[in-house]
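**Student:** Output the structure for:
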Amino acid sequence: MRIRKLIIFFLSCLPLFSMAADDITFTANVTASVVHVGEQFRLVYTVNERSSDFRYPTMEHFQILSGPNSSSNTSFQWVNGKSSQSISTTYTFYLSANEPGEFTIQPATVTVNRKTYTSNSVTIKVVPRNSNGGGSQGSTQQGGGTQQGVTGGGQSGNSQNNQQNAQASVSAGGDVFVSGSASKKNVYVGEQFVFTNSIYSKLDLSGFGDVKFPSYTGFWKEDIDIGNISLHRVSVDNEIYNTGEIQKCVLFPHKSGDIVIDPAEVEVVARVRQRGGSGMGDPFFDSFFQTYQNVKYNCKSKPVTIHVNPLPTEGRPGSFSGAVGNYTMNSSIDKTSLMANEAITIRFTISGSGNVKMIDKLNIKFPYDFEVYEPKITQNSKVNNDVVSGTKVFEYVVIPRNSGDFRIEPFEFSFFNPSKKEYVTLTSPEFEVHVEGRGTELQEVERGVEREDVVSLAEDIRFIKTKPPKFSKSSSQFFASANYFILLGLLSVMTVLAIVLINRMIAKRSDVEGIKRRRAEGVAMKRLKKAKGYLDAKEPDKFYDEVSNALWSYLGDRFNLPYSELNRDFLNKLAEDGKIAKEDADKFISVINDAEFARFAPGTPTDSMNEIYSEAVEVIKLFYSKLK
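**Tutor:** Sure, this is the predicted structure:
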């Protein structure tokens, strides 16, 4: 029985060992990839199995202070009746560099279960050791820090002497600096790139004081969460610094030309070792009497210039409305066969990398017999691997008012792809809709109605009586009497009047352009009232969306134009044609610009919401009074 249990145990462990043999990793790592000449560092080779016959390469540019020092570790785990084994073998070298330069340590080899495995190579940059402790070269290139003052107390000795010694031991401007860098410096309008502000220091950092980052005027900004600041070693002009990112964001330029990103201003607190000691001249005893002080540096980076190219005019499709990036488009319809006065939901989804917030409404042509409501627009964006991507969904609710077979024609969505430097056009599919049942006349509707407000028609007609009416015989002769001819004349006049009124009503109702024009102010004020609700609820994104849509929708209804044709150039053309005053057009554009800038500019977006709301109401009333 005991032998049988041992055999079962051995067989259960066989998959574990075979799995470990098939998944062997052999890696090489160093504690620092940038070192000074003579500085000690570690080179560690690690293999996740018991090994033998370790062979390491020659290291002619480095001095081996110790090694290879081998060690191994084995651990077993039993979880829910399943066993697991972890084995690790390490070979450690302590090295120092003999000369400056960039050197590659070639791979090592090791044998596991009669099979040879090869590690990766390691590249190390060795810089000369600066004997005077300066670093002015680095600060000259990147923007330096200026010592402000000393705070904190020492462990012993006279505090005044300590402060003087601390100030004397710091090379102002060379030990700490801030740098701003862009992933691209030559981009197109709307093309995204990453901008990073980093801290560089030779000293032990204690913290930060006042920080003022650039305002990024001329860009839309999407922040990247960098979490806690993580420092690593780099070489700047043969000087070794510890560097870390203190701010990172994705920028989208919204105008062409050379745009200058202002410097970042950062107050850095560094822990500086003071000169001094026991006075005995013995390094061993002096180490027990060393003191440290917190020194403040005011660091300012250099400005960075970004060259922004305008989007090319050659090959620009007519359906292009300003989208830049790389997108895909999907569309769906919930039903293609229905009764008249039933609602259809059509969704168009645009997703990809780029600023989806700047994608305009889609220019879709629906059949005349369809009652079309303002689309419900939802959008979301995220930053992944320093790239902004997102999705924008346009949901249309339409109601066929008459029976028949209808076609929703394809429409085009165009964008500029900065990677390919060309325009790309996506085309939606065609939808065929079959409508049955008795239709109704197209009713006047207001724009901006949500789906839950849609009400089916043809349900409010009084039921027809099926029983014959009861009549009573009159006691006098009415036919050919005076009253008969008077009533006949009145009926004739009323019939003529009714025909005239009906013709006018039909003409008025068929004048869709006139309906939109007359309703323009009311619809715009209704949307502004909705924006006021978002203002009170402190929802800036929805507020600015509603204000912008209210202004552009008013203009589209007033001049019967699709949303895609509404832009600042159209307003300027109206002013040139004398339809509106130049100052009125400038005022309208100013409100649009203020709303867009306040929404995407850094800072608190709620600061100017009240002012923008008042200006929007004022400009709608101004246009209404002058365009009657």
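**Student:** buried set for stretch 193-207?
**Tutor:** For stretch 193-207, a neighbour-count test (16 or more other Cβ atoms under 10 Å) marks 193-203, 205-206 as buried. Yep, even glycine has a C-beta here, placed from its N, CA and C like the rest.
**Student:** Adding distance to Ala531, secondary structure and pLDDT, write the residues you listed out as JSON lines.
**Tutor:** Output for the buried residues of stretch 193-207, formatted as JSON lines (distance: Cβ to Cβ, whole Å; DSSP: H, G, I helix; E, B strand; the rest coil; pLDDT from 0 to 100):
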{"residue": "Phe193", "distance to Ala531": "33", "secondary structure": "strand", "pLDDT": "94"}
{"residue": "Val194", "distance to Ala531": "33", "secondary structure": "strand", "pLDDT": "94"}
{"residue": "Phe195", "distance to Ala531": "32", "secondary structure": "strand", "pLDDT": "95"}
{"residue": "Thr196", "distance to Ala531": "36", "secondary structure": "strand", "pLDDT": "94"}
{"residue": "Asn197", "distance to Ala531": "35", "secondary structure": "strand", "pLDDT": "93"}
{"residue": "Ser198", "distance to Ala531": "40", "secondary structure": "strand", "pLDDT": "92"}
{"residue": "Ile199", "distance to Ala531": "42", "secondary structure": "strand", "pLDDT": "90"}
{"residue": "Tyr200", "distance to Ala531": "46", "secondary structure": "strand", "pLDDT": "90"}
{"residue": "Ser201", "distance to Ala531": "48", "secondary structure": "strand", "pLDDT": "87"}
{"residue": "Lys202", "distance to Ala531": "53", "secondary structure": "coil", "pLDDT": "84"}
{"residue": "Leu203", "distance to Ala531": "51", "secondary structure": "coil", "pLDDT": "83"}
{"residue": "Leu205", "distance to Ala531": "46", "secondary structure": "strand", "pLDDT": "83"}
{"residue": "Ser206", "distance to Ala531": "47", "secondary structure": "strand", "pLDDT": "79"}
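**Student:** Max pairwise distance over those: which two?
**Tutor:** Phe193 and Ser206 (32.7 Å; Cβ to Cβ).
**Student:** Can you name the next helix or strand after the lengthiest helix in the chain?
**Tutor:** As assigned by DSSP state H, the longest helix anywhere in the chain is helix 482-510. Using DSSP states H and E, the next helix or strand after helix 482-510 towards the C-terminus is helix 512-536.
**Student:** which is the next helix or strand following that next one?
**Tutor:** Downstream of helix 512-536, the first helix or strand assigned by DSSP H and E is helix 540-559.
**Student:** now the angle from that next one to helix 512-536?
**Tutor:** Per axes from the mean of the first three to the mean of the last three Cα atoms, to 10 degrees, the angle that helix 540-559 makes with helix 512-536 is 160 degrees.
**Student:** returning to that earlier point: Throw the buried residues of stretch 193-207 into a markdown table and include distance to Tyr373, thanks.
**Tutor:** Output for those, formatted as a markdown table (distance: Cβ to Cβ, whole Å):
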| residue | distance to Tyr373 |
| --- | --- |
| Phe193 | 39 |
| Val194 | 40 |
| Phe195 | 41 |
| Thr196 | 45 |
| Asn197 | 46 |
| Ser198 | 50 |
| Ile199 | 53 |
| Tyr200 | 57 |
| Ser201 | 59 |
| Lys202 | 64 |
| Leu203 | 63 |
| Leu205 | 58 |
| Ser206 | 60 |
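**Student:** Just the helices from this protein, written as ranges.
**Tutor:** Taking DSSP H as the criterion, the chain carries its helices at 2-22, 136-142, 159-169, 283-286, 482-510, 512-536, 540-559, 568-576, 582-600, 609-626.
**Student:** gap between stretch 487-495 and the chain center?
**Tutor:** How far stretch 487-495 lies from its chain's middle: 71 Å, per Cα atoms, centre = their mean, to the nearest Å.
**Student:** could you pull out the strands for the stretch 1-150 of the chain?
**Tutor:** 26-30, 34-36, 40-47, 52-55, 62-79, 82-97, 101-105, 109-112, 115-118, 122-127, 145-151 (DSSP state E, counting those that start in this stretch).
**Student:** Over to the stretch 151-300 of the chain?
**Tutor:** Going by DSSP E, counting those that start in this stretch, the stretch 151-300 of the chain shows strands at 176-182, 186-188, 193-201, 204-212, 219-223, 232-236, 239-253, 257-261, 265-273, 292-300.
**Student:** closest one to Ala343 among those?
**Tutor:** Closest to Ala343 of those, according to Cβ to Cβ: strand 219-223, at 36.0 Å.
**Student:** Quick one: distance of the closest one to the chain centre.
**Tutor:** For strand 219-223, the distance to the chain centre is 8 Å (Cα atoms, centre = their mean).
**Student:** likewise stretch 313-327?
**Tutor:** For stretch 313-327, the distance to the chain centre is 20 Å (Cα atoms, centre = their mean).
**Student:** Stretch 304-311 now?
**Tutor:** 20 Å.
**Student:** For Val398, give me its contacts.
**Tutor:** Val398 makes contacts with Ala343, Ile344, Ile346, Phe366, Phe370, Glu371, Val372, Tyr373, as judged by Cβ atoms under 8 Å, 6 or more residues apart in numbering.
**Student:** Now for the residues you listed, which sits with the most neighbours around it?
**Tutor:** Neighbour tally across those (other Cβ atoms under 10 Å): the maximum, 22 neighbours, falls on Ile346.
**Student:** what sits against it?
**Tutor:** Ser331, Ser332, Ile333, Asp334, Glu395, Tyr396, Val398, Ile408, Phe431.
**Student:** quick one: it from Thr425, how far?
**Tutor:** Ile346 is 20 Å from Thr425, where distance means Cβ to Cβ, to the nearest Å.
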